[in-house]
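Student: can you look at this prediction? I've put the sequence above it.
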Amino acid sequence: MEAHVVERKQRLRSQDWFGSGGKDGFIHRSSMKMQGLPDHVFDGRPVIGICNTWSEFNPCNAGLKGLAEAVKRGIWEAGGLPLEFPVGSLGEDQMRPTAMLFRNLLAMQVEESIRAHGMDGVVLLAGCDKTTPAQLMGAASVDLPTIMVSAGPALSGNFRGRTIASGTDVWKFSEEVRAGTMSMKDFVAAESGMSRSVGVCNTMGTASTMASLVEVMGVALPMNSAYPAVDARRFALAHLTGNRIVAMVREDLRLSKILTRASFENAILANAALGGSTNAIVHLLAIAGRIGVNLKLDDFNLGSEVPLLVNCLPSGKHLMEEFCNAGGVPAVLAQIKGLLRDALTVEGRSVVEVAAEGECFNDDVIRALDNPVRPKAGIRVLRGNIAPDGAVIKPSAATESLLVHEGEAYVFSSVEEMKTKIDDPDLPVTADTVLVLQGCGPRGYPGMAEVGNMPIPARLVREGVRDMLRISDARMSGTAFGAVVLHVSPETSVGGPLALVKTGDRIRMNAYEGTLELLVSQDELEKRAKAWVQPRTVTPRGFVKLYQDHVMQAHTGADLDFLVGASGDAVVREAH
Ligand code: FES
Ligand code: MG
């Protein structure tokens, strides 16, 4: 028996619901029997919740309905009682103003649903970007035995015989339409070709990044991130996950034994090799805050010496199907096994053992350390007088020549102003201009939208410019690319110094040295700070008010301040 295994001595928590005599036990069991369950399933066996973010408003997660059935088969087979329950869903492509506004709300719902119900372990079914962190955040604050199955990537897109990618090609097509080199008819045809099945974006965008990191951190079985959403092997993996969670309950293998400092460090290292999304930063910080791991923004520099090994969009050229065929996350772990920290996984073995079994079947898609896509990848944390609490850039997605750059700022004070002016042929900008966008942080937007990768001004696109240095307190889509400085903290709406930048100021960035400076004297900045008036950004009521009153800044993960930490799984009082 593995060292972590402690055979559970005390009765399971579900027995407080289904195992008690008297009226309370009667009510809990009797109401469950409405669904056709026989007496003997309340014999004290592990009750497993299946927390499902399935929704038709979130096609990325639409496959989770079927996957839940495969999980149930595995739970029944292993002697557990599966009970599926819905929570909200957050579809990145469908929700306005941004799905991120609701990540913490979903996390609250996940947490309270798990705690309030009579379950001993939980299977999290997640997919689209925010659903994965929201589920982990909520589950971490309860800390039952927990395992995840991801929705899996959509099939590769195809347009006129050419492979096309979710997200990444949208940005390219829309630039081409604006430049007059693609017709609207072709644009619409490409929409259909891009979406050939349910599943998450088929690049190494935020969803696949998060699913991969879940696997690296040991919260899911190997190959969780890579099997396509509609691949039969994903259903088999879901079945095996159902088997495994029942055993995890018997072993009392809780989430806090898996999500340790070591597993977060592994995630940061692997994220660099994957060319993963900048959104992973805010999500990992928020999850760490829930589980009690002291993770800081600067810890992300840990990945900045790791080479980019995964040759997938947006940093490379392949899609998730090729990543799957090349061996997926275990094959990546095999390349970086010398860097990995020893950390437990849901299988009850170390991630180092998973890495030892990883095999690469295509060394162009998953490169060896001595043949990387780029020698240095990861996230670079930037600091300076514009971003005293930090900002980030993803060098692997940027044009290399812009990683050290000085230029004149052109400032947009809101996303609306940016959208109105960006294609104005008289906009006084050149390829060297630094585009600055204000008012898009967690509190200001609100929800910290993915608008940091501002479009290149149309006139410059026509002149052949494809990348410019852009700076904001926003995020960007994991499928986007460019020399884009994001998550500037503190944000402009709370008076962060990015709010003081004026058009014509000079800005200097050196991504290699991690510096971002506004070349304006301290005296002048103090004068501007005195004259600065806080914009009215507070919503009068509802969840958005709660969010704006309590959201923390990006460099700590943008959770709500009162949600940090955990409350455990105990519920003292009965309902009747
Ligand atoms: Fe859902 Fe990309 S929009 S994963
Ligand atoms: Mg996205």
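Tutor: Done, it's in. Ligands and ions are numbered 1, 2, ... in the order given.

Student: so L516 sits in a helix?
Tutor: No - residue assignment for L516, taken from DSSP: H, G, I helix; E, B strand; the rest coil, gives strand, which places it outside any helix.

Student: N385 reaches P497, doesn't it?
Tutor: Yes - counting by CB atoms under 8 Å, P497 is a contact partner of N385 at 6.0 Å. Bear in mind the C-beta positions are built from the backbone N, C-alpha and C, glycine included.

Student: ok, these two, which is more surrounded?
Tutor: Comparing N385 with P497 by neighbour count (other CB atoms under 10 Å), the higher total belongs to P497, at 20 against 16.

Student: right, and the more buried one touches A391 too?
Tutor: No - between P497 and A391 there is no contact under CB under 8 Å: 11.0 Å.

Student: quick check: neighbours shared by N385 and P497?
Tutor: The overlap between the contact sets of N385 and P497 (CB atoms under 8 Å, 6 or more residues apart in numbering) consists of L518, L525.

Student: near ligand 2, which residues of the stretch 351-500 of the chain are found?
Tutor: Residues of the stretch 351-500 of the chain lying close to ligand 2 by CB under 5 Å from the ion are S477, G478.

Student: in the stretch 351-500 of the chain, which spans are helices?
Tutor: When assigned using DSSP state H, counting those that start in this stretch, the helices of the stretch 351-500 of the chain occupy the ranges 351-357, 415-421, 458-462.

Student: using CSV, list the CA coordinates for the first one.
Tutor: Once side chains and other backbone atoms are set aside, the C-alpha atoms of helix 351-357 remain, and they are given as CSV (Å, rounded to 0.1, in the frame of the first residue of the first chain):
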residue,chain,number,x,y,z
VAL,A,351,4.1,13.1,-10.8
VAL,A,352,7.7,12.1,-11.3
GLU,A,353,6.5,8.5,-11.9
VAL,A,354,4.0,9.8,-14.5
ALA,A,355,6.9,11.6,-16.2
ALA,A,356,9.0,8.5,-16.2
GLU,A,357,6.3,6.7,-18.2
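
Student: so how far is it off the chain centroid?
Tutor: The gap between where helix 351-357 is centred and where its chain is centred comes out at 24 Å by CA atoms, centre = their mean, to the nearest Å.

Student: now for that helix, which elements pack on it?
Tutor: Contact analysis of helix 351-357 by 3 or more CB pairs under 8 Å, 6 or more residues apart in numbering; DSSP states H and E lists helix 328-335 as its packing neighbours.

Student: got it, and the last one?
Tutor: Judged by 3+ CB pairs under 8 Å, 6+ apart, helix 458-462 is in contact with helix 168-179.

Student: what's in contact with the following helix or strand past the helix it packs on?
Tutor: Later in the chain than helix 168-179, the nearest helix or strand by DSSP states H and E is helix 184-194. For helix 184-194, contacts defined as CB under 8 Å, 6+ apart pick out G157, N158, F159, R160, I164, A165, S166, D169, V170, F173, S174, V177.

Student: and if you look at stretch 568-576?
Tutor: Under CB under 8 Å, 6+ apart, the answer for stretch 568-576 is R13, D16, K23, D24, I27, I114, R115, A116, V142, D143, L144.

Student: from one end of it to the other, what's the distance?
Tutor: Distance between the two ends of stretch 568-576: 22 Å, counting by CA to CA, to the nearest Å.

Student: need the winner for burial among the helices of the stretch 351-500 of the chain.
Tutor: Burial of the helices of the stretch 351-500 of the chain is given as mean neighbour count (mean count of other CB atoms under 10 Å); helix 351-357 ranks first at a mean of 18.

Student: so what's the closest residue to N58 other than its chain neighbours up against?
Tutor: The shortest distance from N58 to any residue that is not its chain neighbour, by CB to CB, 6 or more residues apart in numbering, is 3.2 Å, and that residue is G91. Applying CB under 8 Å, 6+ apart to G91 gives the contacts S55, F57, N58, P59, C60, N61, A99, C128.

Student: which residue is the nearest non-sequential neighbour of the residue in the stretch 301-450 of the chain that ligand 2 sits nearest to?
Tutor: Closest to ligand 2 within the stretch 301-450 of the chain is E450: 6.6 Å, counting by CB to the ion. Using CB to CB, 6+ apart and skipping residues adjacent in sequence, the residue nearest E450 is S477, 4.5 Å away.

Student: so the one you found makes contact with A449?
Tutor: No - using CB under 8 Å, S477 makes no contact with A449, being 9.9 Å away.

Student: quick check, nearest of the contacts of stretch 568-576 to ligand 1?
Tutor: For the contacts of stretch 568-576, the minimum distance to ligand 1 (CB to the nearest ligand atom) is 23.4 Å, reached by I114.

Student: quick one: buried residues of the longest helix along the chain?
Tutor: Secondary structure of the chain read by DSSP state H shows that its longest helix is helix 232-251. For helix 232-251, a neighbour-count test (16 or more other CB atoms under 10 Å) marks 234-235, 237-251 as buried.

Student: find the nearest non-adjacent residue to the residue in the stretch 401-550 of the chain that ligand 1 sits nearest to, please.
Tutor: Of all residues in the stretch 401-550 of the chain, T479 sits closest to ligand 1, with a separation of 6.9 Å (CB to the nearest ligand atom). By the measure of CB to CB, 6+ apart, the closest residue to T479 outside its immediate chain neighbours is G167, 2.7 Å from it.

Student: measure the one you found to ligand 1 for me?
Tutor: From G167 across to ligand 1, the span is 6 Å (CB to the nearest ligand atom, to the nearest Å).

Student: wouldn't that residue be in contact with C201 here?
Tutor: Yes - at 5.1 Å, G167 and C201 qualify as touching, with contact defined as CB under 8 Å.

Student: remind me which residues of the chain are low pLDDT?
Tutor: With pLDDT under 70 as the threshold, the chain has low-confidence stretches at 1-10.

Student: what parts of it come near ligand 2?
Tutor: E92, D129, G205, T206, S477, G478.

Student: list only buried entries from these.
Tutor: Among those, the ones that count as buried by 16+ other CB under 10 Å are E92, D129, G205, T206, S477, G478.

Student: ok, which of the helices of the stretch 351-500 of the chain comes nearest I75?
Tutor: Distances from I75 to each of the helices of the stretch 351-500 of the chain were compared using CB to CB; the shortest belongs to helix 351-357, at 23.0 Å.

Student: contacts for that closest one?
Tutor: Residues outside helix 351-357 that contact it (CB under 8 Å, 6+ apart): 216-218, 222, 263, 266, 330, 333-334, 336-337, 340, 342-345, 347.

Student: list the buried ones in the strand ranked longest in the chain?
Tutor: Longest among the strand segments of the chain by residue count, using DSSP state E, is strand 404-412. The neighbour-count check on strand 404-412 (16+ other CB under 10 Å) flags H405, G407, E408, A409, Y410, V411, F412 as buried.

Student: the residue of the stretch 301-450 of the chain closest to ligand 2 reaches A474, doesn't it?
Tutor: Yes - in this structure E450 lies within contact range of A474 using CB under 8 Å: 6.9 Å.

Student: show me the contacts for R13.
Tutor: Taking CB under 8 Å, 6+ apart as the contact definition, R13 lies against G118, M119, D120, L144, D569.
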